[in-house]
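need a structure here:
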Amino acid sequence: MIESLLLTATRVITFQQQRQLTNASGFFFERGGHLFLVTSRHVMLDEPSRHQPDRIEIELHVDAENMVQSIAFSIPLYRDGKRLW
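Now for the predicted structure:
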């Protein structure tokens, strides 16, 4: 059995359309029945460097017995110039 704490962290990859921008990390926590992803603010938006990805990808491990089993999710951040988060 894999330590459940290891399943709370994920890699966060930022994109501008199809171009990969950065790699980062994040973690999950649950409050009030909602699951949240937490990462540094500059991963999602960094105005001084003009870093403004339009989507992120996260990888989730789907089998607590086998860390190789995972699935990637692509999450849009903006639609028609308006943020979705």
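
name the residues of stretch 74-85 that come out as buried.
residue 77 (16 or more other C-beta atoms under 10 Å). Just so you know, the C-beta spots here come from the backbone N, C-alpha and C atoms, and that holds for glycine as well.

what residues does it touch?
With C-beta atoms under 8 Å, 6 or more residues apart in numbering as the test, stretch 74-85 has contacts from 44, 53-58.

for stretch 37-50, same thing?
10, 12, 14, 22, 24-29, 51-53, 56, 58, 77, 85.

among the residues you listed, which lie within strands?
Assigned to strands by DSSP state E, the following of those qualify: 10, 12, 14, 22, 24-29, 56, 58.

now the contacts of stretch 74-85 in JSON lines, with neighbour count, pLDDT and distance to residue 72?
JSON lines is the format used below for those (neighbours: other C-beta atoms under 10 Å; pLDDT from 0 to 100; distance: C-beta to C-beta, whole Å):
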{"residue": "44", "neighbour count": "18", "pLDDT": "87", "distance to residue 72": "18"}
{"residue": "53", "neighbour count": "23", "pLDDT": "92", "distance to residue 72": "15"}
{"residue": "54", "neighbour count": "17", "pLDDT": "91", "distance to residue 72": "17"}
{"residue": "55", "neighbour count": "16", "pLDDT": "93", "distance to residue 72": "12"}
{"residue": "56", "neighbour count": "24", "pLDDT": "95", "distance to residue 72": "11"}
{"residue": "57", "neighbour count": "16", "pLDDT": "96", "distance to residue 72": "5"}
{"residue": "58", "neighbour count": "17", "pLDDT": "94", "distance to residue 72": "7"}
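
understood, closing this out.
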